[in-house]
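Visitor: need a 3D model of the sequence below.
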Amino acid sequence: MNRSLFIRILCALFLAVTMVFGERPNVLFIPIDDMNDWVTHLGGHPQSVTPNLDRLAKRGVTFTSAHCAAPACNPSRVALLTGLRPSTTGVYYNSNPWRPVVPDVITLPRHFKNNGYFCAGFGKVYHGRYADASDWHIWGKAPGDKRRSSKEKHLTNGGVGGIRFGPLANPDNEMIDHLNVTRAIEQLNVKHDQPWFIACGLIKPHMAFSVPKKYFEPFPIESIRLPEVPEDDLADIPEAGRKMAKPERDHTSIIKSGRWKEAVQAYLATIHFSDAQLGRLLDAFDKSQYTDNTIICLWSDHGWHLGEKKHWRKFALWEEATKAPMIWVVPGLTQPGGVCDRPVDYMNIYPTLNDLCGLAEPVNPQGQKLDGINMRSLLANPHGRWDRPALTTHGRNNHALRTQQYRYIRYADGSEELYDQIEDPMGFKNLAAIAKFSKLKNQIARWFPKTNVAEAPKDKNLSKKK
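Guide: Below is the predicted model of the structure:
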């Protein structure tokens, strides 16, 4: 028997014994908003400063090719929390409310609540206006908690056009993320008489890239390194891709302003701030009584472009928009310092947590089955076999598949992009039109969704802009 198989058997026995004796593990669930791979241990930017993300990664398994189900806050979070892809629900954009479409679907926190877990959620877990407080015992703040952070100054005159950035005079404790971490810490300090699922969602680094000034100091403006963006970066991109990039908008404004370095500096600073809040949460967790029986699952809802492909924000199907940090620590299963380079997407989080905590798949009234699969095998053996690509969707019939080596994009109009992400990690050369790659594209394409439902109704209270 080889060593890795022996370890996996021992881990399975450990978890099975735990379940038999009724000690279900707790779950510390940490969503982060708009954080791409510009963290130190992922190497997305050489100047990043993220000691707390890095120390968490050293405790368990970090995924170097983890991808969102959709490159926008609302559809990404809806997909993860319901276990249903955008192509299943029609929730493709931020403007699509999800509860009217799947009114009875059992979300991840509700499933844990239904199975005897105490559930508390703080910060950004759902997309802002579409939260469902009924999924939780405590949502946002405990009864009687009247604390409010000072209103953060969002720099009405800071930044360039819609890209908002700049340092704040506020101290840390006036930031909403600081308060939400404090609330989560308070729950870690409580002696719970049942297993718990605590979510602490960090809003930063979502725009505005505005955090206390001290977080800018490690990034002197004269030293800032910009992404590499060839002048002809969009020359081999189909029209559908250029429409997503919108180079004539944000990127043109940033270039004309001469403030590209400032925007990059501010994003690095905002990630650094978010990392510091994570550090507070981890410090409190390490002092709690729950360290030996708590699963930690950290993820960011999608990536972010800062000029790559002459694009800013998310809302695209390239690597920078879909790839984000994901870290798991599972006592008795994950080994410290594990690194998994297999391509996975966030649809696997719900079924994996179910398995790790001994919960069956939810029985949804409308019969919907979870679209993801259990990736426990990769937590036990990060180098294990995995033949499924990661799938990301942005709008109906617009999909990207990420294999170990390639990214294959197919748009609704049939146009395509194909990149060798090993030989060409920045995706400068679109290979889709080269005949010798036809067979490869056909092999990958079998993973595109067979169902692509119509877009869900838009929120009438929002503008039509997506």
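
Visitor: now the helices for the stretch 51-200 of the chain?
Guide: 51-59, 73-82, 86-89, 108-114, 176-188 (DSSP state H, counting those that start in this stretch).

Visitor: could you list the residues in contact with the longest one?
Guide: With Cβ atoms under 8 Å, 6 or more residues apart in numbering as the contact definition, helix 176-188 has outside contacts at 120, 122-123, 138, 141-142, 145, 147-149, 152, 172-173, 196, 198, 200-204, 273-274, 277, 280-281, 284-285, 288, 290. Every residue, glycine included, has its C-beta placed from N, CA and C.

Visitor: sorry, back to before: need the helices of the stretch 51-200 of the chain in a markdown table with mean neighbour count, can you?
Guide: Output for those, formatted as a markdown table (neighbours: other Cβ atoms under 10 Å):
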| stretch | mean neighbour count |
| --- | --- |
| helix 51-59 | 19 |
| helix 73-82 | 27 |
| helix 86-89 | 25 |
| helix 108-114 | 21 |
| helix 176-188 | 21 |
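
Visitor: one step back: are any of the contacts of helix 176-188 buried, and which?
Guide: Using 16 or more other Cβ atoms under 10 Å as the burial test, these include 120, 122-123, 138, 141, 152, 172, 196, 198, 200-204, 273-274, 277, 280-281, 284-285, 288, 290 as buried.

Visitor: which parts of stretch 215-224 are buried?
Guide: Buried, per 16+ other Cβ under 10 Å, within stretch 215-224: 215-216, 219, 224.

Visitor: gap between the two ends of that stretch?
Guide: With Cα to Cα, to the nearest Å as the measure, stretch 215-224 spans 14 Å from end to end.

Visitor: what mean pLDDT does it have?
Guide: Averaging pLDDT along stretch 215-224 yields 98.

Visitor: give me the contact list for that stretch.
Guide: Counting by Cβ under 8 Å, 6+ apart, 47, 49, 167, 261-262, 264-266, 268-270, 272-273, 276 sit against stretch 215-224.

Visitor: also stretch 84-101?
Guide: Residues outside stretch 84-101 that contact it (Cβ under 8 Å, 6+ apart) are 69-70, 72-75, 78-79, 82, 102, 105, 127, 130, 132, 347, 368, 370-371, 391, 393-396, 399, 449, 451-459, 462, 464-466.

Visitor: following the worst-scoring helix or strand of the chain on mean pLDDT in sequence, what is the next regular element?
Guide: When the helices and strands of the chain are scored by mean pLDDT, DSSP states H and E, helix 3-20 comes last with a mean of 44. Downstream of helix 3-20, the first helix or strand assigned by DSSP states H and E is strand 26-32.

Visitor: average pLDDT across that next one?
Guide: 98.

Visitor: hang on, the earlier thing: to E423, which of the helices of the stretch 51-200 of the chain lies closest?
Guide: Closest approach to E423 among these is made by helix 51-59 (26.1 Å; Cβ to Cβ).

Visitor: buried residues in the longest helix along the chain?
Guide: Ranked by residue count and defined by DSSP state H, the top helix of the chain is helix 260-287. Residues of helix 260-287 classed as buried by neighbour count (16+ other Cβ under 10 Å): 260-282, 284-285.

Visitor: in contact with the nearest residue in space to D355 that is not next to it in sequence, which residues?
Guide: Nearest residue to D355, sequence neighbours excluded (Cβ to Cβ, 6 or more residues apart in numbering): N374, at 4.9 Å. Residues near N374 by Cβ under 8 Å, 6+ apart: 348, 351-352, 354-355.

Visitor: take the contacts of stretch 84-101 and, keeping just the buried ones, write it as a PyMOL select command.
Guide: Remark: buried members of these, expressed as a PyMOL selection using 16+ other Cβ under 10 Å:
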select buried, resi 69+70+72+73+74+75+78+79+82+102+105+127+130+132+347+368+370+371+391+393+394+395+396+399+452+453+455+456+459
